[in-house]
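Peer 1: Below are the sequence and a predicted model for it; my questions follow.
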Amino acid sequence: MNIFVMMKRTFDTEEKITISGDRIDDSGAEFIINPYDEYAIEEAIVLRDKHGGEVTVITVGEEEAEKELRTALAMGADKAVLIDSEEVDELDQYTTATLLATYLKDQELDIVLAGNVAVDGGSGQVGPRVAELLAIPQVTTITKVEVQGRVATIRRDVEGDEETIEVELPVLLTAQQGLNEPRYPSLPGIMKAKKKPLERLDLDDLDLEEDDVEAKTTTVEIFLPPEKQAGKILKGDAATQVKALVSLLKTEAKVI
């Protein structure tokens, strides 16, 4: 079974985000594998161990993303691919999906896994876009998957309820929290990861021009939400508190 995992390098979720010149300032920030993608990597390894085959982890990014790819290899993936985005001026969901799908269309694949969303952007678009470009079925927010022959039985989260779906391979799946418990890289895994293949590709290798992956959206401005103000405690009897509350809603909150 040939399993591919689409991975993204994101800010550590403990990082404090700062804005400089209408852009996120990532100087000195720590980066990690997108947590939802960790579920995808873990599930890919579990499926490979059960059914045989190979797990390849792919990411779009610059040279720094090799660190996260090596972490995925240390978890147990067999190969890694870095699609270098250095030549690309702006990355959006269209650009990322096009680069990933262009690589994947030439591969023999059974399952493509990805995180349901990335914790930085949270759009959840890349997985479905890739499935559309590859013309294969997609099932999102999965919490369980079992494969029998060429059929996958999948349980997915649907806004607090669950749905069970059967689909023929190949298929693209996006992982939701609760699918599994991602493993930590072991010391032997870390040592083995240093020798596992990590392929680096650029636009020429994918037979793409810069115009082919030009972003369809432009970020106009990035800003942090306003700091929360201290709450107010209303004093007096109920009638006095109601009167004060209505006045505040009119004059300060301006919601009535």
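Peer 2: Good, I have the coordinates.
Peer 1: Using CSV, write out every CA atom in the host helix or strand of residue 188.
Peer 2: Taking DSSP states H and E as the definition, residue 188 sits inside helix 187-193. The C-alpha coordinates for helix 187-193 follow below in CSV (Å, rounded to 0.1, in the frame of the first residue of the first chain):
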residue,chain,number,x,y,z
LEU,A,187,16.1,7.6,19.8
PRO,A,188,16.6,4.6,17.4
GLY,A,189,14.0,6.3,15.1
ILE,A,190,15.9,9.6,15.2
MET,A,191,19.1,7.8,14.3
LYS,A,192,17.5,5.9,11.4
ALA,A,193,15.8,9.1,10.1
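Peer 1: After that helix, which helix or strand is next?
Peer 2: Toward the C-terminus, helix 187-193 is succeeded by strand 198-201 as the next helix or strand (DSSP H and E).
Peer 1: Flag every buried residue along that next one.
Peer 2: Neighbour-count burial for strand 198-201, counted by 16 or more other C-beta atoms under 10 Å, picks out 198, 201. Where C-beta positions appear, they are placed from N, C-alpha and C, glycine not excepted.
Peer 1: Equivalent analysis for stretch 132-139, please.
Peer 2: Going by neighbour count (16+ other C-beta under 10 Å), the buried part of stretch 132-139 is 133-134, 136, 138-139.
Peer 1: And for stretch 180-199?
Peer 2: Within stretch 180-199, the residues scored as buried using 16+ other C-beta under 10 Å are 180, 182, 185, 189, 193, 196, 198.
Peer 1: Switch the residues you listed over to TSV; also include distance to residue 44.
Peer 2: Formatted as TSV, the entries for the buried residues of stretch 180-199 read as follows, by distance: C-beta to C-beta, whole Å:
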residue	distance to residue 44
180	10
182	11
185	15
189	15
193	15
196	14
198	17
